[in-house]
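In: Predicted model, plus sequence, below.
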Amino acid sequence: MDEHIEIERRFLVDGREAKPWREGAVLLHIEQHYNVGGFLEAHQGALRFNGQMFTDLTEKEAELLASIKAWTTRLRKQNEDWVLNYKSRVSNDTAIELEWVITNENALNLLARGPFPSIQKTRYVLPGSDGLVWEVDEFEGGLAGLILAEVELPSSLMEVVLPPWAGKEITGLASWSNHALAETLASRMD
């Protein structure tokens, strides 16, 4: 499978009762800022910010950035690490995704151009009974109480054993994307 392809299914989770996904899970604290790509330019094998190198690009990454026009851009802080992400939807469950770990200095310089639509969440990463990895996100702030789960797949055709806490499937529903949720929060702040 292409390293730049992400296939995932997403589900609502009812967190009003017990939260079994928390037991034995890897815990991540995440903040995500969207629409940051407007300040970055792909040029001479690198993404540049104010003319300065932000991160290197492989030949394949430069090719994808040049050939695809519809990207959602995100800067994610996951615990203490910063990751820049470009994502372009291909189908309901599939996207092209590019990611780069970036320095704290570059991340903070980019964020200084904000504010950007953003969300905060705690992520629980755990194995499913079929060996697939589940990520359960408990949102914070203006989205407190919302819980979403996703599972990445090697193929759209793969069957998934759903955990008992996985509720209504929302795969492909754009209004439930993290980007759309961040935009909704930002519009309520205006």
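Out: Looks like it came in fine.
In: neighbouring contacts of the lengthiest helix in the chain?
Out: Ranked by number of residues, the top helix in the chain under DSSP state H is helix 178-189. For helix 178-189, the surrounding residues in contact (C-beta atoms under 8 Å, 6 or more residues apart in numbering) are 32-34, 72, 74, 115, 117-119, 139, 141-143, 146, 174. (Glycine included, C-beta is placed from N, CA and C.)
In: In the residues you listed, find the pair that's most separated.
Out: The most widely separated members of the contacts of helix 178-189, counting by C-beta to C-beta, are Pro115 and Ala174 (22.4 Å).
In: Please enumerate the strands of the protein.
Out: 5-13, 26-34, 40-43, 46-49, 52-56, 72-78, 81-89, 94-102, 118-127, 133-139, 147-152, 166-169 (DSSP state E).
In: Output the ones you listed in TSV, with mean neighbour count appended to each entry.
Out: Shown next, in TSV, are the strands of the chain (neighbours: other C-beta atoms under 10 Å):
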stretch	mean neighbour count
strand 5-13	18
strand 26-34	17
strand 40-43	16
strand 46-49	18
strand 52-56	14
strand 72-78	20
strand 81-89	18
strand 94-102	17
strand 118-127	18
strand 133-139	20
strand 147-152	20
strand 166-169	15
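In: which one of the ones you listed lies closest to Leu64?
Out: Evaluated with C-beta to C-beta, the strands of the chain place strand 94-102 nearest to Leu64, the distance being 6.3 Å.
In: Put the alpha carbons of that closest one into CSV.
Out: Taking Å, rounded to 0.1, in the frame of the first residue of the first chain, the C-alpha atoms of strand 94-102 are listed here in CSV:
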residue,chain,number,x,y,z
THR,A,94,-9.6,7.1,2.0
ALA,A,95,-7.3,10.1,1.9
ILE,A,96,-3.9,11.1,0.7
GLU,A,97,-1.9,12.2,3.7
LEU,A,98,1.5,13.8,4.1
GLU,A,99,3.2,14.3,7.5
TRP,A,100,6.4,15.9,8.8
VAL,A,101,7.7,16.2,12.4
ILE,A,102,8.7,19.8,12.8
